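In: Predicted model follows, preceded by the sequence.
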Amino acid sequence: MLFTERPLRLGTRGSPLALAQAHMTAQALRAVHGWGEDAIQIVTVQTSGDRIQDRALAEIGGKALWTKELDRALVDGEIDFSVHSMKDVETVRPAPFHIAAMLPRADVRDKLVGAASFDVLPANPLVGTSSPRRAAQVKRMRPDATITLFRGNVATRLAKLDAGEVHATLLAAAGLDRLDQSDVGALIAIDTMLPAPSQGAVGIETLADNRPVRDALAAINEADTYDAVMAERAVLRGLGGTCHSPIAALALVEGERLFLRAEIISPDGTETVREEARLARGDDLVAEAIGRTLLDRASPALRALFEE
Ligand SMILES: NCc1[nH]cc(CCC(=O)O)c1CC(=O)O
């Protein structure tokens with residue numbers, strides 16, 4: 001039985017990927033609670049990130065771009081909960097919000113699209129991405145590459161590639177899989193390209209004081225994903241990381257522990273600082289400290305990227 005007399009309103013961005021993730025979430029909730037088709041109503045909200053397409057996120061104010069309007073809809077009571085790619089959610093969330101659940105994580109790897117591997121790209125390849133992490137990791141593999149700003153949703157980026165604007169681009173396997181485009185691109189090994197913190201994870205947020213909705217959401221939480229992603233977010237917090245910063249982190253669950261790997265990379269790809277550690281699940285303070293250790297070991301120039 002639904003605990004409200006009206007459908008629960010699920011807030012989401014309107015991009016095809018966001019909508020696919022919203023439908024996955026609604027489906028999981030209906031299944032676990034035995035709710036009918038109309039128990040959940042999907043409400044799309046346009047975010048600043050969707051609106052502004054011609055500049056890098058780093059230039060226009062970072063990650064709140066993807067959450068601000070959905071946050072406001074939550075506070076104003078227009079929606080009961082919101083669904084996000086965790087990768088796009090700031091590491092420090094304002095007080096009224098609570099990450100109540102995460103869906104089982106998808107493939108965390110990146111894909112190279114446009115060439116079967118970095119090795120077979122032509123000399124001096126032009127690679128489109130707006131991610132400082134991917135840009136730095138590409139330069140590490142291919143110092144002769146030129147990086148060009150590439151934004152827009154998955155379909156837009158693929159269209160730019162098809163139009164010959166670049167030799168290759170990079171996309172998360174998770175996004176392609178959820179858009180039924182698993183055949184696009186070539187998987188890149190984690191050792192070559194450690195993914196972004198939270199890549200492949202879908203999170204569901206509500207107001208911290210909304211107990212009934214929190215409990216309903218908790219029923220679909222996947223604890224392994226939740227603990228791993230929270231640790232990766234803690235690394236980012238420890239670094240004071242933003243979307244200006246080339247940071248990768250991945251935690252894998254090993255029973256009661258997490259195996260956490262993290263790296264920061266100079267934009268030209270010549271300097272990489274890596275850490276790996278095993279820590280107790282939920283010990284986000286240790287994960288934060290790993291972020292700080294990375295900074296301590298970085299050259300002054302790399303450290304300066306995090307001090308803006
Ligand atoms: N920054 C955009 C974004 N946010 C989440 C995903 C993919 C899905 C995911 O990582 O969960 C993407 C596209 C991409 O990086 O290819």
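Out: That came through fine.
In: mind giving me the domain split of the protein?
Out: 8-103+201-221, 110-187, 237-304 (automatic domain parsing).
In: okay, these in CSV with mean neighbour count, distance to the ligand and mean pLDDT next?
Out: Where C-beta positions appear, they are placed from N, C-alpha and C, glycine not excepted. Formatted as CSV, those follow (neighbours: other CB atoms under 10 Å; distance: least, CB to the nearest ligand atom, whole Å; pLDDT from 0 to 100):
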stretch, mean neighbour count, distance to the ligand, mean pLDDT
domain 8-103+201-221, 18, 4, 90
domain 110-187, 18, 3, 96
domain 237-304, 18, 9, 94
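In: Packing partners of the helix or strand hosting residue 101?
Out: Assigned by DSSP states H and E, residue 101 belongs to strand 97-102. Judged by 3 or more CB pairs under 8 Å, 6 or more residues apart in numbering; DSSP states H and E, strand 97-102 is in contact with strand 202-207, helix 211-218, helix 223-238.
In: Can you list the helices and strands that the first one packs against?
Out: What that stands for is strand 202-207. helix 16-33, helix 64-75, strand 81-85, strand 97-102, helix 211-218.
In: do that again at 10 Å, thanks
Out: strand 8-12, helix 16-33, helix 64-75, strand 81-85, strand 97-102, helix 211-218, helix 223-238 (3 or more CB pairs under 10 Å, 6 or more residues apart in numbering; DSSP states H and E).
In: same deal with the longest one?
Out: For helix 223-238, the helices and strands in contact under the criterion 3+ CB pairs under 10 Å, 6+ apart are strand 97-102, strand 202-207, strand 247-254, strand 257-265, strand 272-280, helix 284-297.
In: again, only using 7 Å
Out: Applying 3 or more CB pairs under 7 Å, 6 or more residues apart in numbering; DSSP states H and E, one finds that helix 223-238 contacts strand 97-102, strand 247-254, strand 257-265, helix 284-297.
In: need those in TSV with distance to residue 148, can you?
Out: TSV is the format used below for those (distance: least, CB to CB, whole Å):
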stretch	distance to residue 148
strand 97-102	33
strand 247-254	21
strand 257-265	18
helix 284-297	28
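In: and of these, who's closest to residue 29?
Out: Judged by CB to CB, the one of the helices and strands packed on helix 223-238 that comes nearest to residue 29 is strand 97-102, at 9.2 Å.
In: Quick one: distance of the closest one to the chain centre.
Out: 15 Å (CA atoms, centre = their mean, to the nearest Å).
In: I figured residue 124 hits residue 143, correct?
Out: No. Using CB atoms under 7 Å, residue 124 makes no contact with residue 143, being 10.1 Å away.
In: separation between the residue most central in space within the chain and residue 97?
Out: Geometric centre of the chain, nearest residue: residue 87, 1.6 Å, by CA atoms, centre = their mean. To residue 97, residue 87 is 17 Å away according to CB to CB, to the nearest Å.
In: Equivalent analysis for residue 261, please.
Out: As judged by CB to CB, residue 261 and residue 97 stand 28 Å apart.
In: so the residue nearest to the centre of the chain makes contact with residue 199?
Out: Yes. Between residue 87 and residue 199 there is a contact at 5.3 Å, judged by CB under 7 Å.
In: I'd like the helices and strands packed on strand 202-207 as a markdown table, with distance to residue 191 appended.
Out: As requested, those are exported to a markdown table (distance: least, CB to CB, whole Å):
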| stretch | distance to residue 191 |
| --- | --- |
| strand 8-12 | 34 |
| helix 16-33 | 26 |
| helix 64-75 | 29 |
| strand 81-85 | 24 |
| strand 97-102 | 25 |
| helix 211-218 | 35 |
| helix 223-238 | 17 |
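In: Between the ones you listed, which one is closest to residue 192.
Out: Counting by CB to CB, residue 192 lies closest to helix 223-238 out of these; the figure is 18.3 Å.
In: tell me which residues in that closest one are buried?
Out: Neighbour-count burial for helix 223-238, counted by 16 or more other CB atoms under 10 Å, picks out 224-238.
In: Off-centre distance for it?
Out: The answer for helix 223-238 is 11 Å, by CA atoms, centre = their mean.
In: hmm, back to that, ok, now which ones touch the residue nearest to the centre of the chain?
Out: Counting by CB atoms under 7 Å, 6 or more residues apart in numbering, residue 87 touches 196, 198, 199.
In: Could I have the buried ones of the residues you listed as ChimeraX selection syntax?
Out: Restricted to buried positions by 16+ other CB under 10 Å, the ChimeraX selection for the contacts of residue 87 reads:
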select :196,198,199
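In: Considering only the contacts of residue 87, which also neighbour the ligand?
Out: The subset of those within reach of the ligand, counting by CB under 6 Å from any ligand atom, consists of residue 199.
In: now, which of the contacts of residue 87 sits nearest residue 2?
Out: Distance to residue 2, by CB to CB, is smallest for residue 198 among the contacts of residue 87, at 30.1 Å.
In: Run through the residues that contact the closest one.
Out: 86, 87, 229, 232, 233.
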